[in-house]
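Engineer: here is my input, please return the structure:
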Amino acid sequence: MQDINIEMQNNAEFAELKNGSLSVRVTKGELWSLDFLRNGVRITGSQLKNNGYVQDTNSGRNYMFERLDLGVGETVYGLGERFTALVRNGQTVETWNRDGGTSTEQSYKNIPFYITNRGYGVLVNHPQCVSFEIGSEKVSKVQFSVESEYLEYFVIDGPTPKDVLNRYTQFTGRPALPPAWSFGLWLTTSFTTNYDEATVNSFIDGMAERNLPLHVFHFDCFWMKAFQWCDFEWDPVTFPDPKGMIRRLKAKGLKVCVWINPYIGQKSPVFQELKEKGYLLKRPDGSLWQWDKWQPGLAIYDFTNPQACEWYADKLKGLVEMGVDCFKTDFGERIPTDVQWFDGSDPQKMHNHYAYIYNELVWNVLKETVGVEEAVLFARSASVGAQQFPVHWGGDCYANYESMAESLRGGLSIGLSGFGFWSHDIGGFENTAPAHVYKRWCAFGLLSSHSRLHGSKSYRVPWAYDEESCDVVRFFTEQKCRMMPYLYREA
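Structural biologist: Down below sits the predicted model:
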């Protein structure tokens with residue numbers, strides 16, 4: 001961190017604090033104001049009746065709010081990975097992690113930080129839901145509110161967007177540099193398809209036969225038995241020799257990734273053990289929290305319990321010892337609030353923050369086992385600071401041009417929220433794209449920092465579309481590989 005040299009001034013008219021080019025001034029008197037100035041020139045601020053404390057008389061809940069001025073022609077960006085219009089003006093945003101896909105106003109990665117074209121940013125320093133109305137409730141204001149007895153926010157000066165992001169990540173954590181191999185092409189089994197080692201080899205050999213460069217192969221959820229997710233045990237029927245299979249894949253020059261999540265299905269043989277040891281999230285009355293959405297009797301690992309973290313980490317270490325190089329950390333958004341955390345954390349504050357501690361746990365396992373230079377994730381959920389654990393991808397998109405545009409907006413948005421490395425499901429996740437959409441998406445995907453062919457119920461190998469798709473994938477993968485010295489230097 002840079003040394004902080006605060007200059008203070010207090011007179012009959014105002015009190016002022018100055019650090020570098022940025023000053024905050026509170027004028028005195030009945031018509032007081034709060035002004036943020038760059039080299040003496042006001043860039044934003046608030047006035048009487050534009051901030052305060054509000055109580056909902058029906059619920060008894062207490063809120064703090066602030067309204068910062070929005071200048072003529074001033075545009076707002078960021079607030080996490082959002083798939084709506086890139087310019088936030090006119091939008092209402094709730095920073096509450098949800099599993100909503102790319103075609104809604106919901107977001108997997110909510111970051112209460114925005115940046116404007118005037119060259120400053122604002123971080124609202126609250127982990128719970130923050131409500132933003134950007135030039136909407138008041139057209140010349142950015143309003144933000146939080147259920148709390150206090151409100152804390154930081155104004156970060158630039159004057160350029162690059163300077164703002166540099167200072168923001170200096171404060172909240174820099175993105176780690178992923179290993180060079182992770183910038184290559186990833187291919188997956190897709191999500192709910194049928195596959196075994198023969199299927200996997202047919203994909204990998206098919207890529208080699210067509211001279212399509214491939215760097216990482218990923219196994220999605222069915223490397224484990226169905227509805228036992230996530231107990232980290234390979235399905236012995238589908239994959240009777242996982243260690244040997246991984247060794248054979250690595251002999252072909254590939255890195256190996258496997259899918260995980262922070263949940264456990266009641267069907268798993270280890271479920272009862274985890275329940276008895278207190279490693280799973282509980283309700284306030286001490287009973288186990290469960291629901292049947294996504295899989296029957298689903299429970300959630302309580303990562304505020306150090307012993308639960310140790311158990312989970314040991315399972316990951318076993319996979320690394322087997323030859324797994326990295327993990328796709330799926331989910332992490334569906335975190336309930338009617339619960340009691342092991343360490344007593346506030347459930348409202350833990351809802352978003354869970355994504356951070358989940359990905360941090362997995363990242364630390366990789367840092368310990370393979371080293372920070374080789375550590376990489378493929379994460380879907382995030383909160384403030386999670387940019388330290390790359391890579392992040394955009395979640396569930398449809399296989400059409402509209403969702404391609406949604407994904408592009410999401411990538412630009414998350415980049416303006418302090419995240420350095422991002423990807424998306426090339427070809428779309430839901431449904432199967434026509435060949436012309438797939439080819440266009442391949443070009444887009446291979447111009448993203450990280451590139452992964454992945455779908456839901458159908459495979460994403462290019463020859464499943466047409467032969468020209470193979471040419472497109474080959475051309476853009478080779479172009480990206482040629483650019484790697486430049487890309488990695490810039491990264």
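Engineer: and the spatially most central residue of the chain, how far is that from G244?
Structural biologist: When the chain is reduced to its mean C-alpha position, the closest residue under C-alpha atoms, centre = their mean turns out to be A382, at 3.5 Å. Counting by C-beta to C-beta, to the nearest Å, the gap from A382 to G244 is 35 Å. (Glycine included, C-beta is placed from N, CA and C.)
Engineer: what's the answer for D314, then?
Structural biologist: In terms of C-beta to C-beta, D314 sits 22 Å off from G244.
Engineer: residues contacting T27?
Structural biologist: With contacts defined as C-beta atoms under 8 Å, 6 or more residues apart in numbering, the neighbours of T27 are E13, F14, S33, D35.
Engineer: need those in JSON lines (columns: neighbour count, pLDDT and secondary structure).
Structural biologist: Listed next are the contacts of T27 as JSON lines, based on neighbours: other C-beta atoms under 10 Å; pLDDT from 0 to 100; DSSP: H, G, I helix; E, B strand; the rest coil:
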{"residue": "E13", "neighbour count": "11", "pLDDT": "94", "secondary structure": "coil"}
{"residue": "F14", "neighbour count": "15", "pLDDT": "95", "secondary structure": "strand"}
{"residue": "S33", "neighbour count": "17", "pLDDT": "95", "secondary structure": "strand"}
{"residue": "D35", "neighbour count": "18", "pLDDT": "98", "secondary structure": "strand"}
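Engineer: tell me which residues of stretch 43-62 are tucked away?
Structural biologist: By 16 or more other C-beta atoms under 10 Å, the buried positions in stretch 43-62 come out as I43, T44, G45, S46, N50, N51.
Engineer: out of the residues you listed, list just those in strands.
Structural biologist: Using DSSP state E, the subset of the buried residues of stretch 43-62 located in strands is I43, T44, G45, S46, N51.
Engineer: using CSV, lay out the residues you listed together with pLDDT.
Structural biologist: What follows is these, written out as CSV (pLDDT from 0 to 100):
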residue, pLDDT
I43, 98
T44, 98
G45, 98
S46, 97
N51, 93
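Engineer: residue boundaries of the strands in the stretch 151-300 of the chain?
Structural biologist: 153-157, 185-188, 216-219, 255-260, 263-264, 299-300 (DSSP state E, counting those that start in this stretch).
Engineer: show me what the last one is packed against.
Structural biologist: Put plainly, it is strand 299-300. The contact analysis (3 or more C-beta pairs under 8 Å, 6 or more residues apart in numbering; DSSP states H and E) places strand 299-300 against strand 263-264, helix 271-277.
Engineer: which of these sits closest to T75?
Structural biologist: Nearest of these to T75, taken as C-beta to C-beta: strand 263-264 at 39.1 Å.
Engineer: who touches that closest one?
Structural biologist: 228-231, 270-271, 274, 280, 294-295, 298-301, 331.
Engineer: do that again at 10 Å, thanks
Structural biologist: 228-232, 270-271, 274-275, 279-281, 290, 294-295, 297-301, 312, 330-332, 334 (C-beta atoms under 10 Å, 6 or more residues apart in numbering).
Engineer: hmm, back to that, which strand residues bridge the residue nearest to the centre of the chain?
Structural biologist: A382 forms beta bridges with K109, as assigned by DSSP bridges.
Engineer: state the pLDDT value of it.
Structural biologist: pLDDT recorded at A382 is 99.
Engineer: go on, the one 5 residues further on?
Structural biologist: Looking at Q387, its pLDDT is 99.
Engineer: one more: M1?
Structural biologist: Listed pLDDT for M1 reads 51.
Engineer: circling back: please identify which of the ones in strands among the buried residues of stretch 43-62 is nearest to P347.
Structural biologist: Using C-beta to C-beta, those come closest to P347 at N51, 27.0 Å.
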